[in-house]
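>>> sequence unknown, structure follows:
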């Protein structure tokens, strides 16, 4: 018996794996399709989602453009740059806190909490909202396909706590993280694939809130990071802040100090500053216009590019110090570099281009879109991880040295910065007191000699040692940094063979209980989530059906009676329109109607296929 | 030499079968030379070392084993960490020498701290130069630092060559002497690091 495969109107939603650039200012998703990475965007849009969240008085939080539009009218409930808060404590935020129009506190676990409309949110919860919105939009841009998992990028100079917080955010957003990849490394991948570039390359990545520089060698598909350096609290936001300062200085005589600290004023000034910065990339002068009727302010003031450059020059210098260190660590001479690639929106600033060109002694490579290149690279890496190709190999490094605090408060180094990951080291420990049953250590990351000057990742607490005389216990503790740059610690008592229990208490991370309760809070909204899930599935189905109809449009035009054709076209349009809403009943209704209207098409197609297949053949041949 | 339990091919490295690509479960602690499939000894060919690193990483890296489940990924993490660890030990002359010394039972840096009086005097002199440059902040001391650097690098090369000759010899001689020679290199490295750090501070655009 013959068998005819009928794949006429297959409506199973596609599952895709995407790359996400979770940025300080903007977020973006990309997908590997037809042998190259593409940005996922809905027609007529850039695909870029502003990393902004607004909490309206009622209903779910807004993310992206809609949230950004609320910044001036509702400054106290609009959050920018939450990425700068990931994995940090209050003490880390000296500069950032001043300009924030909302209250930030630290809970007993050292995790920041931002209070909005009477509810406290941790940075991973906020980032989760942005990740979710990015995924939803990516899904909508690709026929409402289901996002199976994702590669998420982080600044190369992110420490363990910041990486953990990013992973927690993804988990809270319900996204399976395939890999955490460093932004400049992802960018190098996109550059290497796009330009067929080989040799020794410097990636200078200045984003909205973070700066990284990585020196890589690219050879026959091997992208090997030789050294990386950076500053996770330095970016275009700081350029904006300089202009805000300038505005404040100029207004000091005219406006009261109280009004200058007013949230509405601050947000308006921030947005005006950002606009000014962007304008000054192409114009020599820009006029700032601030209109705030509430405080009787209607102010115009011209700022020249020179003025702006003078203010930001020390910040650009800081990035060049990082470059100098990265070059020194890489062992590569400036003259041996083949290419300098600029990444991140802030590299559009002319002073940044001029100073990097001067430092590296060659014009930088700027052909790639600095906003998109990281997401594109992440999508390429997602393809590798899905078993797509072995021709590409990323060898990345850990940005910071790892150490333990010794009795005197100094650091005993376990792993050097710029060690290729994954890497591990096993260290032997013993007891100092007879019958001692536990050992307690402070794990730090950083380059300074004293533990207090480094960043504490947390304390690990080794318990369950069998009673033994002092110095007899032999505990082997293994510190492993995985391909994501994340640390895990395991321990074993060697004389007794007892696996000692080890507990790491993160200094600025969510504990497993925190995560559980946040996920639980998610389940409490389960019916809500279930509806959302159904809405997503239905949209995916409609997307696939629309594609199938489009593919068979010619056949439909030719073979359907006019009435059925009109029904089909109308139902398709209504279904497509229904996807703009999130109303379950409306979408389900539209899907059912569309399905009904597509039956005649399915029938004629099937008839056609069957006829074609059996033409000139006896039944026995079929 | 052991064989791969999956395909029976002889294993060139204990980590992975280069015939069928199966990751191997490691027991014990293989030497960095065993891990990378190189001949044990002081002399290591840099190009061969690099090729070995890439060849093995292409087989063991977790990027290529994630789709095969958590167990495979963990094994890939562990074995790639071994490759990376072995590479960094052998790629660095001091770490390579440390490994060879430890392997022949020579005293560790903590066990043998004695250095000749004359050498310690020299160390004091280098430190004085660094102190002076530090004190004269803002002045251009690059030529002075460069002079000291050239000097120290030459001494380091001589020391390492002497050490290498001994390690290559049939009878490497007294382990104490080997230790002292390697300690000399460590002292030099510490000073060279400080010097580089100082030079970076001096050329930092911020202090200018």
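Received, thanks. None of these values were measured; they are calculated from a predicted model. Residues are numbered from 1 along each chain as shown, chains lettered A, B, ... in the order given.
>>> what sits against residue B:105?
Residue B:105 is in contact with residue B:175, counting by CB atoms under 8 Å, 6 or more residues apart in numbering or on different chains. Just so you know, the C-beta spots here come from the backbone N, C-alpha and C atoms, and that holds for glycine as well.
>>> ok but it is inside a strand, no?
No: counting by DSSP: H, G, I helix; E, B strand; the rest coil, residue B:105 is located in no strand; its state is coil.
>>> separation between it and residue B:176?
Per CB to CB, to the nearest Å, residue B:105 is found 12 Å from residue B:176.
>>> what residues does the host helix or strand of residue A:249 touch?
Per DSSP states H and E, residue A:249 falls inside helix A:236-251. By CB under 8 Å, 6+ apart, the surrounding residues in contact with helix A:236-251 are A:24-25, A:81, A:84, A:95, A:99, A:206-209, A:260, A:266, A:269-270, A:272-274, A:276-277, A:288, A:290, A:297, A:299, A:301, A:303, A:307-308, A:311-312, A:315, A:344-346, A:349.
>>> in strands, which of the residues you listed appear?
A:206, A:288, A:290, A:297, A:299, A:301, A:303 (DSSP state E).
>>> list the helices and strands the host helix or strand of residue A:151 packs on?
Taking DSSP H and E as the criterion, residue A:151 maps to strand A:146-154. Applying 3 or more CB pairs under 8 Å, 6 or more residues apart in numbering or on different chains; DSSP states H and E, we find strand A:146-154 packed against strand A:15-22, helix A:123-141, helix A:160-172, strand A:177-182, helix A:183-195, helix A:373-385, helix A:526-551.
>>> quick check: pLDDT value at residue 139.
Using chain A. Each residue has a pLDDT score; the one for residue A:139 is 90.
>>> that's the wrong chain, I meant chain B
The predicted local confidence for residue B:139 is 72.
>>> next: the one 5 residues further on.
At residue B:144 the predicted local distance difference test score is 84.
>>> contact residues of chain B facing chain A?
B:54, B:57-58, B:61-64, B:66-67, B:77-78, B:80-81, B:84-85, B:87-88, B:196, B:200, B:203-206 (CB under 8 Å from any CB of the partner chain).
>>> which parts of the helix holding residue A:249 are buried?
A:236-244, A:246-248, A:251 (16 or more other CB atoms under 10 Å in any protein chain shown).
>>> circling back: and the contacts of helix A:236-251, which of them are buried?
Using 16+ other CB under 10 Å, the buried ones in the contacts of helix A:236-251 are A:24-25, A:81, A:84, A:99, A:206-209, A:260, A:266, A:269-270, A:272-274, A:276-277, A:288, A:290, A:303, A:308, A:311-312, A:315, A:344-346, A:349.
>>> which residue ranges of chain B form strands?
Going by DSSP E, chain B shows no strands.
>>> per-domain residue ranges of it.
B:1-91, B:117-203 (automatic domain parsing).
>>> which elements pack onto the longest helix seen in chain A?
Longest helix of chain A, by residue count under DSSP state H: helix A:584-614. On a contact count with 3+ CB pairs under 8 Å, 6+ apart, helix A:584-614 meets helix A:526-551, helix A:553-559, helix A:562-578.
>>> which secondary structure elements does the longest one sit against?
Same thing as helix A:526-551. helix A:123-141, strand A:146-154, helix A:562-578, helix A:584-614.
>>> could I get those in JSON lines, plus columns for mean neighbour count?
Below are the helices and strands packed on helix A:526-551 laid out as JSON lines (neighbours: other CB atoms under 10 Å in any protein chain shown):
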{"stretch": "helix A:123-141", "mean neighbour count": "24"}
{"stretch": "strand A:146-154", "mean neighbour count": "23"}
{"stretch": "helix A:562-578", "mean neighbour count": "16"}
{"stretch": "helix A:584-614", "mean neighbour count": "16"}
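>>> so which of those is nearest residue A:538?
With CB to CB as the criterion, residue A:538 lies closest to helix A:584-614 of these, at 4.8 Å.
>>> separation between the closest residue to residue A:472 other than its chain neighbours and residue B:26?
For residue A:472, ignoring the flanking residues on the chain, the nearest one in space by CB to CB, 6 or more residues apart in numbering or on different chains is residue A:495 at 6.9 Å. For residue A:495, the distance to residue B:26 equals 22 Å [CB to CB].
>>> who's more crowded, the two?
residue B:26 (14 against 11; other CB atoms under 10 Å in any protein chain shown).
>>> pLDDT at that one, what is it?
87.
>>> contacts only, for the closest residue to it other than its chain neighbours.
Closest residue to residue B:26 apart from its sequence neighbours, by CB to CB, 6+ apart: residue B:14 at 5.9 Å. Residues counted as contacts of residue B:14 (CB under 8 Å, 6+ apart) are B:2, B:24, B:26, B:30, B:34-35.
>>> low-confidence ranges in the chain?
Since you didn't name a chain, this refers to chain A. A:1-13, A:95-99, A:500-501, A:503, A:505, A:521-530, A:532-533, A:609-622 (pLDDT under 70).
>>> wait, chain B
For chain B, the ranges with pLDDT under 70 are B:1, B:138, B:205-208.
>>> how many other residues sit next to the nearest residue to residue B:22 once chain neighbours are set aside?
Spatial nearest neighbour of residue B:22, excluding adjacent residues (CB to CB, 6+ apart): residue B:6 at 4.3 Å. Other residues near residue B:6 come to 13 when the count uses other CB under 10 Å.
>>> can I assume residue A:41 sits in a helix?
No: according to three-state DSSP, residue A:41 belongs to no helix; its state is coil.
>>> just give the nearest non-adjacent residue to it, would you?
Residue A:41's closest residue in space is residue A:47 (CB to CB, 6+ apart), at 2.9 Å.
>>> and for residue B:56?
residue B:83 (4.9 Å).
>>> tally up the residues packed near that neighbour, please.
27.
>>> between the two ends of stretch A:36-45, how far is it?
20 Å (CA to CA, to the nearest Å).
>>> in contact with the closest residue to residue B:21 other than its chain neighbours, which residues?
Distance criterion CB to CB, 6+ apart; nearest residue to residue B:21, sequence neighbours excluded, is residue B:59 at 5.9 Å. By CB under 8 Å, 6+ apart, the contact set of residue B:59 is B:15-16, B:18, B:21.
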